[in-house]
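In: Provided below are the primary sequence and the corresponding predicted coordinates.
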Amino acid sequence: MAGKGGVKLRALRAAFPHTVPILTGFLFLGMTYGVYMASLGFSWIYPTLMALTIYAGSMEFVTANMLLGAFNPLQAFAMTLMVNARHLFYGLAMLDRFRGLGWKKLYLIFGMCDETFSVTCSVRAPEGVDEGWFMTFVTLLDQLYWVLGAALGGLCGALLTLNTEGLDFVMTAMFVVIFLENWLKEENHTSSLLGLGLPLVCLVLFGAQNFILPSMAAILLALTALRGRLENGGDPA
């Protein structure tokens, strides 16, 4: 048992520093969500339970309005698929990383969000740290930050009137930091340049409301086509 405890503790210590930027963003946005739910008349327990069970960021904001309307499960399904369809591509990208992880794989699938994917797909566990537990703790810590923020926001929202305008930029800034850190680590910037260029092309072609899925598909196809070259460090041979 002590050995297993040591493995988990090492993984937790290794995972935590990588989640600190997400901690900042999730606390702010989670509190914004909790305050928003409170402004609609919901008790703090609603955003807390939704953060635990739905855990889908923007979809939780959409669900808040759905709870005030007529019951329509088909609409809820279609809306959820549209908002979170990009996670299909996240799952495809993580097939190899999640293979052979047992029960942890189920939680990693459930807990996959944009921010967690950004960390787990770009950061490897340090030497001597179990990869499965490392990714599990990254995922768990990120969800705990969101749940804590939602609970605090729900509690504060019932007592205070807060202006949350501009808080959504926190997540944009966090992604910029993650991208820059990954850029500095890379020897070959092909994948990063594809990640910038292809969405810009899709934005022009499909517009701001419809460019995400075409961008994901284009990036997936491009990286698949260039996989051999990228794994060889950019050497065509």
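Out: Arrived safely.
In: pull the longest helix from the protein.
Out: For the chain, the helix with the greatest residue count under DSSP state H is helix 2-39.
In: that helix: how far from the chain's middle?
Out: 12 Å (Cα atoms, centre = their mean, to the nearest Å).
In: need the helices for the chain, in chain order.
Out: 2-39, 45-53, 58-66, 73-84, 87-93, 95-98, 103-110, 114-120, 131-157, 169-185, 190-206, 212-225, 227-231.
In: residue contacts, Leu27?
Out: 145, 148-149, 152 (Cβ atoms under 8 Å, 6 or more residues apart in numbering). In short, each C-beta sits where N, CA and C put it, glycine included.
In: quick one, the longest helix of the chain and helix 131-157 angle?
Out: 30 degrees (axes from the mean of the first three to the mean of the last three Cα atoms, to 10 degrees).
In: what residues sit buried inside helix 2-39?
Out: Of the residues in helix 2-39, 10-12, 14-15, 18-19, 21-23, 25-38 count as buried by neighbour count, 16 or more other Cβ atoms under 10 Å.
In: quick one on the thing from earlier: ok, and the most crowded of the contacts of Leu27?
Out: Neighbour tally across the contacts of Leu27 (other Cβ atoms under 10 Å): the maximum, 24 neighbours, falls on Gly149.
In: how far away is that one from Leu27?
Out: 4 Å (Cβ to Cβ, to the nearest Å).
In: let me see the mean pLDDT of the longest helix of the chain.
Out: Averaging pLDDT along helix 2-39 gives 86.
In: how much space between Tyr90 and Leu52?
Out: 20 Å.
In: what about those two, which has more around it?
Out: Tyr90 (19 against 14).
In: any figure for the gap between that one and Pro17?
Out: Taken as Cβ to Cβ, the span from Tyr90 to Pro17 is 22 Å.
In: what residues are up against Val62?
Out: 79, 83.
In: Thr80 versus that one, what's the distance?
Out: 8 Å.
In: pop the domain breakdown of the protein in here.
Out: If you go by automatic domain parsing, the domain ranges for the chain are 2-167, 186-237.
In: quick one, which of those is nearest to Val176?
Out: Set against Val176 and scored by Cβ to Cβ, these come closest in domain 2-167, at 10.2 Å.
In: picking that back up, tabulate the contacts of Leu27 (CSV), appending pLDDT and distance to Leu213.
Out: Listed next are those as CSV, based on pLDDT from 0 to 100; distance: Cβ to Cβ, whole Å:
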residue, pLDDT, distance to Leu213
Tyr145, 96, 27
Leu148, 96, 31
Gly149, 94, 28
Leu152, 94, 34
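In: tell me the one among those nearest to Ser215.
Out: Nearest member of the contacts of Leu27 to Ser215, counting by Cβ to Cβ, is Tyr145, at 26.9 Å.
In: my read: the closest one touches Phe26, true?
Out: Yes. Using Cβ atoms under 8 Å, Tyr145 makes contact with Phe26 at a distance of 3.9 Å.
In: quick check: which ranges of this protein have low pLDDT?
Out: The chain contains residues with pLDDT under 70 at 1-4, 161-175, 178, 230-237.
In: not counting sequence-adjacent ones, nearest residue to His87?
Out: Met112 (6.2 Å; Cβ to Cβ, 6 or more residues apart in numbering).
In: I figured that neighbour hits Thr139, correct?
Out: Yes. With contact defined as Cβ under 8 Å, Met112 reaches Thr139; the gap is 7.2 Å.
In: who has more neighbours, those two?
Out: Thr139 (26 against 21).
In: now do the contacts for the nearest residue to that one once chain neighbours are set aside.
Out: For Thr139, ignoring the flanking residues on the chain, the nearest one in space by Cβ to Cβ, 6+ apart is Gly111 at 3.9 Å. Contacts for Gly111 (Cβ under 8 Å, 6+ apart) come out as 55, 139-140, 142-143.
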